[in-house]
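Peer 1: the following block contains a protein sequence and its predicted model.
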Amino acid sequence: MQDRLRQETRTVWATAIAFVLGAGIGAVVLRGGARPLDGPGGASGPIAGIAAGIAAAAFVISSLQNRRGETRPMPPWQATVSHLSAAALTVAVAAVSALGVLLAGVILTQGLQGFALSPLGGALLCGVAAATGGRFAYTAGVGVRTRDLSTLLFGFLTIGTLFAMATAADPLWWERNFSQLGLGVGGWAFNGTLIVAGLLFATIGSYIGRDLHRLLGDERLRRIATVVVLWASTGVALAGVGVVPITLDRAVHWVAAIGTLVLFAAAALSTAFALPGPPTAILVTTIGLGPSFAGAILLCVPLGVYSATGLEAVAVGLGLVWMTTFVRVLAVLVPDVSRPSARASLRG
């Protein structure tokens with residue numbers, strides 16, 4: 001109990017420090033005349049950058065405070081995977097904080113027509129954004145679980161896609177497909193969301209590999225490595241969809257998009273059957289993905305109930321349902337303690 005109270009006190013201090021830093025930096029950056037919340041010269045852009053930087057710093061500091069020395073007994077390859085995952089998470093928490101501020105700016109601008117933010121108000125708003133992002137990041141640094149990453153991915157995709165919708169160049173993008181959100185001046189929002197989401201997919205795969213190793217040990221290391229590679233490949237393919245918008249190279253874009261679905265299906269199957277059993281909840285959910293997606297395709301292509309946008313939304317929804325089920329079951333099965341590998345290399 002004392003440890004938990006001490007940790008909560010640290011979190012409160014981290015939140016307060018993030019607020020002070022955000023407000024102080026915001027006062028310097030936003031000095032001068034009043035600004036609109038969004039648009040050219042708006043305050044949401046600088047505030048988003050400040051909040052993202054403070055969130056990244058809070059995550060790094062929290063990780064050093066709470067997990068220092070965790071990788072010391074690990075062989076180099078295992079420690080490297082852990083460090084790369086931490087770096088990816090640092091980028092992710094910064095991106096979530098930034099996009100959250102930008103989305104809030106768009107929404108508030110629509111609800112507060114003609115509102116201008118004074119320098120003092122901008123500094124205080126920057127402090128609030130930094131405190132929110134800093135608290136979230138500091139808490140994540142205490143001990144991230146695979147289930148937390150799944151929630152982070154879902155939240156990030158939701159925020160990023162909503163922001164992309166709000167800033168879409170074509171208001172009728174939904175009549176075609178989600179790739180239309182990556183076009184035009186504001187296309188960076190959707191494309192950037194896909195790139196960071198791809199990074200998160202790869203990181204989730206790394207954490208799934210960590211959990212499987214804690215559960216199965218070095219004897220199943222080769223199979224675990226296959227699972228991690230498939231998740232990483234899924235992340236690379238998803239990031240490729242954002243790196244190569246449909247206007248840049250249509251063929252590459254669609255190969256990456258279809259590849260993401262195929263690789264995710266392969267990753268889901270290999271991961272599900274890597275578990276001993278596998279548990280009934282995982283088995284039912286995994287087997288149910290195929291017929292569910294086939295039904296969604298029939299509703300889209302021959303019947304025309306919805307456009308390709310609807311089919312893509314269903315595919316993402318089914319994937320997130322499977323992932324949520326899997327990580328919840330994994331959290332029940334896996335011990336919450338580090339397990340350094342006894343192998344000096346993956347080949348050994």
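Peer 2: That came through fine.

Peer 1: give me the element the residue nearest the centre of the chain is part of.
Peer 2: Per CA atoms, centre = their mean, the C-alpha nearest to the average position across the chain is that of residue 153, at 3.4 Å. Using DSSP states H and E, residue 153 maps to helix 146-166.

Peer 1: identify all contacting residues around that helix.
Peer 2: If you take CB atoms under 8 Å, 6 or more residues apart in numbering as the criterion, helix 146-166 is touched by 89, 92-93, 95-96, 99-100, 102-103, 106-107, 140, 173, 178, 181-182, 186-187, 189-190, 192-193, 196-197, 200-201, 203-204, 207-208, 210-211, 316, 320, 323-324, 327-328, 330-331. The way it works is simple: take the backbone N, C-alpha and C, and place the C-beta from them, glycine included.

Peer 1: mark which of those are buried, thanks.
Peer 2: 89, 92-93, 95-96, 99-100, 102-103, 106, 140, 173, 178, 181-182, 186-187, 189-190, 192-193, 196-197, 200-201, 203-204, 207-208, 210-211, 316, 323, 327, 330 (16 or more other CB atoms under 10 Å).

Peer 1: where does pLDDT dip in the chain?
Peer 2: Residues of the chain that meet the criterion pLDDT under 70 lie in 1, 346-348.

Peer 1: for residue 331, which non-adjacent residue is closest in space?
Peer 2: residue 147 (5.0 Å; CB to CB, 6 or more residues apart in numbering).

Peer 1: distance check, the one you found against residue 329.
Peer 2: For residue 147, the distance to residue 329 (CB to CB, to the nearest Å) stands at 10 Å.

Peer 1: just the helices in this structure please.
Peer 2: Along the chain, the segments classed as helices by DSSP state H run 2-29, 44-67, 76-111, 119-142, 146-166, 187-216, 221-243, 250-272, 280-300, 308-333.

Peer 1: so which of the ones you listed gets nearest residue 339?
Peer 2: Residue 339 lies closest to helix 187-216 among the helices of the chain, at 4.5 Å (CB to CB).

Peer 1: and that closest one with helix 250-272, angle?
Peer 2: Here the directions of helix 187-216 and helix 250-272 differ by 20 degrees (axes from the mean of the first three to the mean of the last three CA atoms, to 10 degrees).

Peer 1: number of nearby residues for residue 118?
Peer 2: For residue 118, the neighbour count with other CB atoms under 10 Å is 13.

Peer 1: wait, I meant residue 233
Peer 2: Counted with other CB under 10 Å, the neighbours of residue 233 add up to 20.

Peer 1: for the nearest residue to it once chain neighbours are set aside, what are its contacts?
Peer 2: Nearest in space to residue 233, with sequence neighbours left out and distances taken as CB to CB, 6+ apart, is residue 263 at 5.0 Å. By CB under 8 Å, 6+ apart, the residues touching residue 263 are 230, 233, 234, 237.

Peer 1: now the third one: how far from residue 273?
Peer 2: In this structure, residue 234 and residue 273 are separated by 17 Å, where distance is defined by CB to CB.

Peer 1: these two: which is more packed in?
Peer 2: Using other CB under 10 Å as the criterion, residue 234 and residue 273 rank with residue 234 on top: 26 against 15.

Peer 1: for residue 48, see how far away the nearest residue to that one once chain neighbours are set aside is.
Peer 2: Nearest non-adjacent residue to residue 234, counting by CB to CB, 6+ apart: residue 263, 4.2 Å away. Applying CB to CB, the value for residue 263 to residue 48 is 31 Å.

Peer 1: now residue 333
Peer 2: Here residue 333 is placed at a distance of 39 Å from residue 48 (CB to CB).

Peer 1: so for those two, which sits in the more crowded spot?
Peer 2: The neighbour comparison of residue 333 against residue 48 (other CB under 10 Å) goes to residue 48, with 24 against 15.

Peer 1: domains in the chain, by residue range?
Peer 2: Per automatic domain parsing, the structural domains of the chain span 1-144, 146-337.

Peer 1: of all those domains, which one is nearest residue 345?
Peer 2: Judged by CB to CB, the one of those that comes nearest to residue 345 is domain 1-144, at 6.1 Å.

Peer 1: got a list of what the residue lying closest to residue 196 once chain neighbours are set aside touches?
Peer 2: Among residues not flanking residue 196 along the chain, residue 95 sits closest, at 4.5 Å (CB to CB, 6+ apart). By CB under 8 Å, 6+ apart, the contact set of residue 95 is 52, 156, 160, 192, 196.

Peer 1: at 10 Å instead, please
Peer 2: The contact partners of residue 95, taken as CB atoms under 10 Å, 6 or more residues apart in numbering, are 48, 52, 55-56, 156, 159-160, 192-193, 195-197, 199-200.

Peer 1: before we move on, the earlier item: which among the contacts of residue 263 gets closest to residue 19?
Peer 2: Distance to residue 19 across those (CB to CB) is lowest for residue 234, with 37.5 Å.

Peer 1: and that closest one, how close does it get to residue 248?
Peer 2: Taken as CB to CB, the span from residue 234 to residue 248 is 21 Å.

Peer 1: residue 145 too?
Peer 2: Going from residue 145 to residue 248 by CB to CB gives 37 Å.
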